[in-house]
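Visitor: no FASTA, just this:
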DNA sequence: ATTGCCTATGCAACTCGTTGCATAGAAGGA
DNA sequence: TCCTTCTATGCAACGAGTTGCATAGGCAAT
């Protein structure tokens, strides 16, 4: 399980509540891990029980209290131990690729709008990454270790989106070609 | 759930037993979906109950009987229906990226062997893809629709691995740089 | 005034996916 | 001869992840 470790990293970078973590997982951290608030709350409670994180209740005005979590020593050493043991290269689960192969048994042209939708969504994500890069890393020569590592992960996201856009164009060209030949 | 649909596509391309499907998911189909034999057997039974697939027991000599599955009409129309409804762009779960950000709180140099291990594994997969491309698609101008779609999915796998290799080199350079500065 | 969204946390029920184990005959190597 | 590997299917238990719902006050727009 890596969700606990992703939470530890996020809390080390900046302590926060379950709700805040959920939003981070929707935004920046969404580029390397996803989780719903349900999962996060559940795992946070387990981590609290195990002494990995410490909680502090924080009153706020005009909104509900929140529980701010931060990493405790046992959590930090658990993260260190996890860092030292190997993880398996990720397994790919690409639903659109299944659809593309499935298109051989239906009209391939029907898939074009769907692929275009994906293309737009990846283009939007790339634009967001590039904006974020400009904002957070304007001067790459003046970054500390933490920022350099965040930046290299972001560059991975950017290159992934660029590659995906080029591939989706390839897919679209293929679908158009097959579409014309079955008119 | 897309496992059922991945199985339908695989059975349309070529009928087979649960065991054979499991091996395909380990090999070629592993480039867009993964599943263990347990999952496959369970889903196949459900699909059989739902009338999506038909079974035929096949006796073999010198090995156990097998149940060969093929797609029935309801399965085929279920696939068509799924093709016509939109799927969400995949969510990324990149454990190594979590580790890279985690490295900011330990010695970044310690992560180098792990990243190199991943690099080798991606290089090996790329080599396998390229070999498979030479074998299965030697003449790209002489492919039917099904092969063209299989080929474009394979090209996606190839480009993904190339991009990943370049990114891992970027990661390694970053880790080496940070390592030197903390000597 | 009502509708809907945002902050903030949580329960309950479910499906999906993994792991360990079991069976069982045949083939191949130490 | 024994040990392992391959083919082929399956049960049982568990852990991970999703979905729907609930509470509850504040804010903004129609």
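Guide: Great, that's in hand. Remember, predicted model here, so these are calculated numbers, not experimental data.

Visitor: below-threshold pLDDT in chain A: ranges please.
Guide: Flagging of chain A using pLDDT under 70 yields the residue ranges A:28-30, A:182-183.

Visitor: report the closest residue of it relative to DNA strand D.
Guide: Going by C-beta to the nearest atom of the strand, DNA strand D is nearest to residue A:1 of chain A, at 3.2 Å. C-betas here are computed from N, CA, C, even on glycine.

Visitor: helices along chain A, start to end?
Guide: In chain A, the helices defined using DSSP state H lie at A:3-13, A:18-26, A:37-49, A:73-84, A:95-102, A:112-136, A:145-181.

Visitor: which among the ones you listed is found nearest to residue B:113?
Guide: Of all the helices of chain A, it is helix A:73-84 that lies closest to residue B:113, at 10.0 Å by C-beta to C-beta.

Visitor: next, see if that closest one gets close to DNA strand D.
Guide: No. Between helix A:73-84 and DNA strand D, judged by C-beta under 7 Å from any atom of the strand, nothing touches; the nearest distance is 12.3 Å.

Visitor: what's the spacing between that helix and its chain's center?
Guide: Relative to the chain's own centre, helix A:73-84 is displaced by 22 Å; criterion: C-alpha atoms, centre = their mean, to the nearest Å.

Visitor: helices or strands up against it?
Guide: Other helices and strands packing on helix A:73-84, by 3 or more C-beta pairs under 8 Å, 6 or more residues apart in numbering or on different chains; DSSP states H and E, are helix A:3-13, helix B:95-102.

Visitor: and the ones you listed as JSON lines, adding distance to DNA strand D?
Guide: Listed next are these as JSON lines, based on distance: least, C-beta to the nearest atom of the strand, whole Å:
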{"stretch": "helix A:3-13", "distance to DNA strand D": "4"}
{"stretch": "helix B:95-102", "distance to DNA strand D": "10"}
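
Visitor: of those, which is nearest residue B:61?
Guide: Shortest distance between residue B:61 and the helices and strands packed on helix A:73-84, using C-beta to C-beta, is found for helix B:95-102: 44.6 Å.

Visitor: now that closest one against helix A:73-84, angle please.
Guide: Going by axes from the mean of the first three to the mean of the last three C-alpha atoms, to 10 degrees, helix B:95-102 is angled at 130 degrees with respect to helix A:73-84.

Visitor: what packs against helix B:95-102?
Guide: Applying 3+ C-beta pairs under 8 Å, 6+ apart, one finds that helix B:95-102 makes contact with helix A:3-13, helix A:73-84, helix A:145-181, helix B:112-136.

Visitor: can you rerun that using 10 Å?
Guide: With contacts defined as 3 or more C-beta pairs under 10 Å, 6 or more residues apart in numbering or on different chains; DSSP states H and E, helix B:95-102 has these neighbours: helix A:3-13, helix A:73-84, helix A:145-181, helix B:112-136, helix B:145-181.

Visitor: and that helix, does that touch DNA strand C?
Guide: No. Using C-beta under 7 Å from any atom of the strand, helix B:95-102 never reaches DNA strand C; the gap is at least 12.6 Å.

Visitor: between that helix and helix B:145-181, how many degrees?
Guide: Using the same axes, to 10 degrees: helix B:95-102 against helix B:145-181 is 20 degrees.

Visitor: helix B:95-102 vs helix A:3-13, what angle?
Guide: 30 degrees.

Visitor: for chain A, which residues are neighbours of DNA strand C?
Guide: So chain A meets DNA strand C at A:17-20, A:22-23, A:37-38, A:41, A:44-45, A:60, A:63-67, A:91, A:93 (C-beta under 7 Å from any atom of the strand).
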